[in-house]
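In: got a predicted structure here, sequence first:
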Amino acid sequence: MLKLPRQERVMMQRLRAIIRECLPKASEQAYYGLGVPFYRHNRLICFIWPPSIFWGPKRTKETQEAKGLALGFCQGNLMSNEEGHLLAEGRKQVYCMYFHKPGDINEQLIRSLLFEAGMIDESFHRKKR
């Protein structure tokens, strides 16, 4: 597990538990050599990126921390997102939502987004002949 500030660690553990429950077929893998958890089954489904793990040439540590902990959906462009909970932020495929404190985590909303992401992932499953 990453060495994170307490509040980030609490949010990350809560999101990991929800993801494991909603996407039981998905495996957790650490990408980018940073220990950041990504979840995949047929393709990458989602990830949790804490703000204290800096990334990206277009970002500064301050702007990343201001956004908060990210729950990203790798096929977010295919999700319904009628309520606008997921932010594209100029990206074509990956959409994210952000949390600043554990109270920001709406489990019912996240579960519904994860189930939708899981159904999209299943659509990429190739039928065996």
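Out: Now that the structure is in, tell me what you want to look at.

In: and the next element down the chain from the helix or strand of the chain with the lowest mean pLDDT?
Out: Of all helical and strand segments in the chain, the minimum by mean pLDDT, DSSP states H and E falls on helix 61-67, at a mean of 61. Proceeding N to C from helix 61-67, the next assigned helix or strand is strand 69-73, under DSSP states H and E.

In: neighbouring strands - and their directions - for that next one?
Out: Paired strands of strand 69-73, with direction, are strand 44-49 (antiparallel), strand 95-99 (antiparallel) (DSSP bridges).

In: avg pLDDT for stretch 13-21?
Out: Across stretch 13-21, pLDDT averages out at 97.

In: also stretch 105-123?
Out: Rounded mean pLDDT across stretch 105-123 is 97.

In: now it: buried residues?
Out: By neighbour count on 16 or more other Cβ atoms under 10 Å, the buried set for stretch 105-123 is 105, 110, 113-114, 116-118, 120-121. Heads up, the C-betas are built off the backbone N, CA and C, glycines and all.

In: quick one: which of those residues sit in helices?
Out: Counted as lying in helices by DSSP state H, out of the buried residues of stretch 105-123, are 110, 113-114, 116-118, 120-121.

In: ok, those vs Cys46, which is closest?
Out: Sorting those by how near they are to Cys46, with Cβ to Cβ, puts Ala117 at the top with 5.8 Å.
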